[in-house]
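Mind looking at a prediction? Sequence and model below.
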Amino acid sequence: MQINMQNRQQINSFISAQWLSTDMIIRGTKIDMTKVDGIVALENESIIGLLTYTIRDGICEIASLDSLTEGKGIGTTLINKITRIAKESGCQKIIVVTTNDNINAIRFYQKRGFDMARFYHNALDISRKIKPEIPLIGDNDIPLKHEIEFELNLIE
């Protein structure tokens, strides 16, 4: 299901719970997550997965991907849906940025055909100036410092 006016408030609450606010910082730019498009996975009217994205200049950028239960195919289903949407929208590629501590995301995207394309050294220093609540230590007790951009080429 797509984000729409009827579920937008539920989506915004979910984003706030997952990301500490409805502002996301990617490559030093603030993204207002209350305005992005998205695909929602529901179970009994509860959100179990969410992928948010923007499309601009032939590029689909995933802003966030959350799956509340790993290993159930929720994330993969959302990636498959955004791939179809991006192709139907004429996009040449899908990009996504994650942080150096997010080992699960790094593995997830590579297993689904995304390639590491760019590395943003100490990018979180800039992001914390905009969003100070970003922690210094991330997943697996890894210092949260860098952003890694992955891309999936849609042109064969």
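Done, it's in. Quick caveat, the model's predicted, so the values are computed rather than measured.

And whichever strand or helix holds residue 12, what does it pack against?
According to DSSP states H and E, residue 12 maps onto helix 8-19. With contacts taken as 3 or more CB pairs under 8 Å, 6 or more residues apart in numbering; DSSP states H and E, helix 8-19 sits against strand 46-56, strand 59-67. C-beta: built from backbone N, CA, C; applies to glycine.

From the structure, what's the count of residues near the nearest residue to residue 63 once chain neighbours are set aside?
Using CB to CB, 6 or more residues apart in numbering and skipping residues adjacent in sequence, the residue nearest residue 63 is residue 52, 4.4 Å away. Using other CB atoms under 10 Å, residue 52 has 25 neighbouring residues.

Show me the beta-bridge partners of residue 52.
Beta bridges link residue 52 to residue 38, residue 64 when assigned by DSSP bridges.

Tell me which residues touch it, please.
Counting by CB atoms under 8 Å, 6 or more residues apart in numbering, residue 52 touches 3, 15, 33, 36-38, 62-65.

What separation do you get for it and residue 60?
Distance of residue 52 to residue 60, given as CB to CB, to the nearest Å: 11 Å.

Find the centremost residue of the protein, please.
Nearest to the mean C-alpha position of the chain, by CA atoms, centre = their mean, lies residue 64 at 2.0 Å.

Relative to residue 98, how far out is that residue?
Residue 64 sits 10 Å away from residue 98, going by CB to CB.

repeat for residue 19
As judged by CB to CB, residue 19 and residue 98 stand 13 Å apart.

still on that earlier bit, tell me the mean pLDDT for the helix holding residue 12?
Average pLDDT, helix 8-19: 91.

can you tell me which residues contact the nearest residue to residue 105 once chain neighbours are set aside?
Distances taken as CB to CB, 6+ apart place residue 98 nearest to residue 105, at 4.2 Å, with adjacent residues excluded. By CB under 8 Å, 6+ apart, the residues touching residue 98 are 105-106, 109, 147-148, 150.
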